[in-house]
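Visitor: Just a sequence and a predicted model for now, questions to come.
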Amino acid sequence: MPQVTYTDHTGRSRTVTANVGDSVMETAVRNGVPGIVGECGGSLSCATCHVYVEETAALAPMENMEDEMLWGTAQERRDNSRLSCQLRVTEGCELHVTTPATQG
């Protein structure tokens with residue numbers, strides 16, 4: 001089963017089992033993971049699901065709209081910034097994401 005590890009800004013981690021095809025944001029909300037709000041429900045219009053993805057993760061490339069939304073995040077954008085609503089869980093996937101302090 002695919003797994004996603006969520007680490008908050010203090011270093012506390014929680015690993016949850018994810019469903020193939022769900023987003024990292026949907027998985028977090030369903031499992032009560034703090035730090036990922038997802039106010040827009042994944043419609044790519046709020047950036048409250050901003051995460052920093054572990055550098056080694058193999059993910060689909062970022063689309064233009066996600067790129068634009070990341071310029072409006074409350075916490076600094078980094079090279080590994082992504083919106084977790086745009087990250088789909090795939091078979092055998094093991095992702096590690098960290099939530100920014102402002103979403104804690």
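Guide: Ah, there it is. On a predicted model such as this, the values are computed, not experimentally measured, just so you know.
Visitor: quick one: His96 and Thr15, what's the gap?
Guide: Distance, His96 to Thr15, by Cβ to Cβ, to the nearest Å: 9 Å. C-beta coordinates here come from the backbone N, C-alpha and C atoms, glycine included.
Visitor: Hmm, I typed the wrong one, I wanted Thr98.
Guide: Counting by Cβ to Cβ, the gap from Thr98 to Thr15 is 13 Å.
Visitor: With Cys40 instead?
Guide: Taking Cβ to Cβ as the criterion, Cys40 is separated from Thr15 by 26 Å.
Visitor: quick one: contacts for the residue positioned nearest the centre of the chain?
Guide: With distances taken as Cα atoms, centre = their mean, the residue of the chain nearest its centroid is Ser84 (2.7 Å). By Cβ atoms under 8 Å, 6 or more residues apart in numbering, the contact list for Ser84 reads Ser23, Val24, Met25, Ala28, Ile36, Gly38, Cys49, His50, Val51, Val97.
Visitor: From these, list just the buried residues.
Guide: For the contacts of Ser84, burial is judged from neighbour counts taken by 16 or more other Cβ atoms under 10 Å, and it is met by Ser23, Val24, Met25, Ala28, Ile36, Gly38, Cys49, His50, Val51, Val97.
Visitor: Can you report phi and psi for the second one?
Guide: According to degrees, to the nearest 10, the main-chain angles of Val24 amount to phi -60, psi -30.
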